[in-house]
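Asks: sequence? don't have it. structure:
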């Protein structure tokens with residue numbers, strides 16, 4: 001049986017590198033999800049929520065380049081707070097969220 005001597009330091013370094021890569025990919029995906037989701041809500045809903053759509057499009061992308069951790073935080077804030085507020089306003093106004101699907105009205 002062959003014995004392979006693996007340096008524990010290099011194994012730990014590889015694991016840390018893998019975790020950083022996974023965190024970076026997660027941050028990138030969340031930023032893209034936020035940018036795509038902002039376009040799904042009408043401008044009137046943004047105005048009612050007291051939010052600016054352009055800020056929520058630009059902020060995660062700029063922070064992704066400048067500081068990935070900040071982009072991750074902003075994306076989480078959007079998905080857990082702002083998006084819920086937008087959906088609640090849509091449901092109150094139309095009875096159904098624009099992102100929840102539903103029947104397509106017939107012409």
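Replies: Cool, got the structure. None of the values given here were measured: they were computed from a predicted structure.
Asks: can you tell me the centre-most residue of this structure?
Replies: residue 30 (2.9 Å; C-alpha atoms, centre = their mean).
Asks: so it makes contact with residue 75?
Replies: Yes. Applying C-beta atoms under 8 Å as the test, residue 30 and residue 75 come out as touching, 3.9 Å apart. (Each C-beta comes from the backbone N, C-alpha and C, glycine too.)
Asks: joint contacts of these two?
Replies: Shared contacts of residue 30 and residue 75, defined by C-beta atoms under 8 Å, 6 or more residues apart in numbering, comprise residue 60.
Asks: once you drop chain neighbours, what's closest to residue 83?
Replies: For residue 83, the nearest residue in space outside its immediate sequence neighbours is residue 37; the separation is 6.3 Å by C-beta to C-beta, 6 or more residues apart in numbering.
Asks: now the helices for the protein?
Replies: In the chain, helices defined by DSSP state H lie at 8-38, 43-49, 53-66, 68-77, 83-94, listed in chain order.
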